[in-house]
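Q: Need a 3D model of the following:
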Amino acid sequence: MQLFYNPNISEHSEEFDFDKDESRHIVKVLRKKVGDNIHITNGQGWLFEAQLTLADIKHCTVAIVSKTLQPKRNYNLHLAVAPTKMNDRYEWFLEKATEIGIDEITPIICDNSERKVVKLERFEKIIQSAMKQSLQCYLPKLHQPITFKDFINQDIASQKFIAHCEDTGRKSLKSELVSTKNITILIGPEGDFSRNEISLALKDNFIPVTLGDTRLRTETAAIVSCSLINYLNK
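A: All right, here's what the predicted structure looks like:
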């Protein structure tokens, strides 16, 4: 199944027009013709089956044949992950986390962050592409970058964890996780969270956790967290 994404289609839509780029993809790449069916999501859980009524390289129109609201996970996973020095590593994390299953992503700027500017527009495109490739109908929410201090000062109504590399007081994420409850996990930069950041998180009731016996890169730690949480909630 080829899945298209467009946030402008709603459960009330009866027909829909594709823009020039998508129309060209439908006609030239996929070789779709009038009468053929395609699938569309708006990233809010709706899956639409639609039939091509106009197949032109510059303009395609479809009529909505059926619509289904896909079930949503019974928990919300929010990963707050420091930007990596190399952008492609963070992009890899975004792609794989979306494929595995994640609800919210926030780039957090930390004391030891080597990269403090990110390209949200490119990140958003990677997330959209991964959602379509993995045939999901809920688009993860990508938040604006925020400083570590401002992030933890928010009202976070979920289980709160901080994964750091200090040797003292850490627990296993697996042992502390309560299934089917909302989860927020902080993942630090290559140089780890500063001791001051760890102290601030602990004062704000974040639980310090370890993700295993080896030291992981930022993007690897984020993927391990995402995979473990999804597995434990099956």
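Q: What does the pLDDT read for the nearest residue to residue 209 once chain neighbours are set aside?
A: Using CB to CB, 6 or more residues apart in numbering and skipping the chain neighbours, the partner closest in space to residue 209 is residue 173 (4.2 Å). Glycine gets a C-beta too; all of them are placed from N, C-alpha and C. The predicted local confidence for residue 173 comes out at a pLDDT of 89.
Q: so residue 173 touches residue 160, yeah?
A: No - Residue 173 is beyond contact range of residue 160, at 11.9 Å (criterion: CB atoms under 8 Å).
Q: And this structure, what are its domain boundaries?
A: Here the chain is described, according to automatic domain parsing, as comprising the domains 3-69, 77-232.
Q: So what's the gap between stretch 32-43 and the chain middle?
A: Put simply, stretch 32-43 sits 24 Å off its chain's centre (CA atoms, centre = their mean, to the nearest Å).
Q: And for stretch 59-71?
A: 23 Å.
Q: Rounded mean pLDDT for stretch 18-28, please.
A: Regarding stretch 18-28, the rounded mean pLDDT is 90.
Q: And that stretch, what's buried?
A: Taking 16 or more other CB atoms under 10 Å as the neighbour-count basis, stretch 18-28 is seen to contain the buried residues 18, 22-27.
Q: Residue 36: which of those residues is nearest?
A: Of all the buried residues of stretch 18-28, the one sitting nearest residue 36 is residue 26; the distance, using CB to CB, is 8.8 Å.
Q: wouldn't that closest one be in contact with residue 52 here?
A: Yes - using CB under 8 Å as the test, residue 26 is close enough to residue 52 to be in contact (7.4 Å).
Q: From residue 174, how far out is the spatially most central residue of the chain?
A: Nearest to the mean C-alpha position of the chain, by CA atoms, centre = their mean, lies residue 140 at 3.9 Å. Taking CB to CB, to the nearest Å as the measure, residue 140 and residue 174 are separated by 23 Å.
Q: Over to residue 193?
A: On the measure of CB to CB, residue 193 and residue 174 end up 21 Å apart.
Q: and the two? which has more neighbours close in?
A: More neighbours surround residue 193 than the other of residue 193 and residue 174, with 26 against 14 (other CB atoms under 10 Å).
Q: where does the more buried one land in three-state SS?
A: State at residue 193, reduced to three classes by DSSP: H, G, I helix; E, B strand; the rest coil: coil.
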